[in-house]
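>>> output the structure for:
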Amino acid sequence: MEDYKRILVKVSGEALMGEEPFGTSPSGVSLVAEKIYTLHQAGKEVAIVTGGGNFFRGIQQVAKTGLARTPADQVGMLATLMNGVLLKEALTHLGCEVRMMSSLVCPTIADPYKWEKAMRHLKRGRVLLFVGGTGHPYFTTDTTAALRASEIEADIFLKATTRVDGIYDSDPRKQAGAKKYDSLSFEQVLEKKLGILDLSAVTMCMTANIPIKVFNFYEGSFLEALNSPSFGTIVTG
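Now for the predicted structure:
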């Protein structure tokens, strides 16, 4: 069993919705915060990237409304700031010391992202929330997570999704006979173009040699995702 110390967790925006069809709910935000808190209490250095799809998913709005991609992605990045503020407050309420850093300049809400400060926060045991995406359009929050994982030299990238319980050879929501993989190499994910992960994020983690664990947010704790080989799908070199 690997001893993962520094963890980058990508949390789907949909996890913050709870039972609501849109936005956030107190129960959804609390559940995400509790899972992060448990991981932090286990002595892990924890950094979080949140999605914004519970409020706005830019690429879908381009297809639906004809909105240009750049402003659509900018709105999506702003959505991650809203999620970050709610999650920061929930974690602070649990007793965590939290710092939020944004790629978008919004100093009244979050500190500007700076690598040196991020590393100091982690070493001092603070939970880090990375919001605002990469600050640029055309990049998903998966890519943001892979980028930040590479920069902070994370030991593993946990992708907590609300849709599936790992990586399959086809969409299990559409194909009854879809096969789940327990493990894959980076090369296999790229060759098969397995859509659960943004391929640019996979390439970035392959370059930095950071394993990726894909699992269902609702089916267990983040510690279980770290420690159980049969939980989700692990992607490694």
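>>> where does the chain have low pLDDT?
Applying pLDDT under 70 to the chain flags residues 1.
>>> in it, which helix has the most residues?
The residue-count maximum for a helix in the chain (DSSP state H) belongs to helix 69-94.
>>> any buried residues in that helix, and which?
72-74, 76-84, 86-88, 90-91, 94 (16 or more other Cβ atoms under 10 Å). Placement of C-beta: from N, CA and C, glycine included.
>>> so V32 touches E14, yeah?
No: contact criterion Cβ atoms under 8 Å: V32 and E14 do not qualify, at 10.5 Å.
>>> between these two, which one's more packed in?
Neighbour comparison, V32 and E14: the larger count goes to V32, with 27 against 17 (by other Cβ atoms under 10 Å).
>>> which residues touch that one?
Residues counted as contacts of V32 (Cβ atoms under 8 Å, 6 or more residues apart in numbering) are V11, A15, L16, L87, A90, F217.
>>> who's in contact with V127?
Shown in contact with V127 (Cβ under 8 Å, 6+ apart): I36, H40, V46, A47, I48, L91, C96, E97, V98, R99.
>>> run the last query once more with 7 Å
I36, H40, V46, I48, L91, C96, V98 (Cβ atoms under 7 Å, 6 or more residues apart in numbering).
>>> backbone dihedrals for the third one, please?
If I follow you right, that is V46. Main-chain torsions, V46, degrees, to the nearest 10: phi -120, psi 130.
>>> contacting residues around it?
Taking Cβ under 7 Å, 6+ apart, one finds I7, V9, I36, L39, H40, V127 in contact with V46.
>>> identify, from those, the entry nearest to L67.
Nearest to L67 among the contacts of V46 is V9, at 29.8 Å by Cβ to Cβ.
>>> just the element for that closest one, please.
For V9, the host element (DSSP states H and E) is strand 6-11.
>>> got the angle for the next helix or strand after that strand vs helix 69-94?
The C-terminal neighbour of strand 6-11 among helices and strands, as given by DSSP H and E, is helix 26-41. Taking axes from the mean of the first three to the mean of the last three Cα atoms, to 10 degrees, one finds helix 26-41 and helix 69-94 inclined to each other by 70 degrees.
>>> may I have the phi/psi pair for the residue nearest to A79 when sequence neighbours are not counted?
Closest residue in space to A79, ignoring its immediate chain neighbours: G52 at 3.0 Å, by Cβ to Cβ, 6 or more residues apart in numbering. With angles defined as degrees, to the nearest 10, G52 sits at phi -130, psi 10.
>>> hmm, back to that, possible to save the contacts of V46 as TSV with distance to R173?
Listed next are the contacts of V46 as TSV, based on distance: Cβ to Cβ, whole Å:
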residue	distance to R173
I7	28
V9	23
I36	27
L39	28
H40	32
V127	32
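>>> closest one of these to D169?
When these are compared against D169 (criterion: Cβ to Cβ), the nearest one is V9, at 25.4 Å.
>>> so what's the residue count around that closest one?
Considering only other Cβ under 10 Å, V9 is surrounded by 27 other residues.
>>> again with N209
10.
>>> so what's it up against?
N209 sits next to G237 when contact means Cβ under 7 Å, 6+ apart.
>>> from F231, how far off is it?
According to Cβ to Cβ, to the nearest Å, N209 and F231 sit 22 Å apart.
>>> what do you get for T162?
16 Å.
>>> and for K159?
13 Å.
>>> same thing with L91?
23 Å.
>>> pretty sure the residue nearest to A79 is touching G76, no?
Yes: counting by Cβ atoms under 7 Å, G52 does reach G76; the two are 4.9 Å apart.
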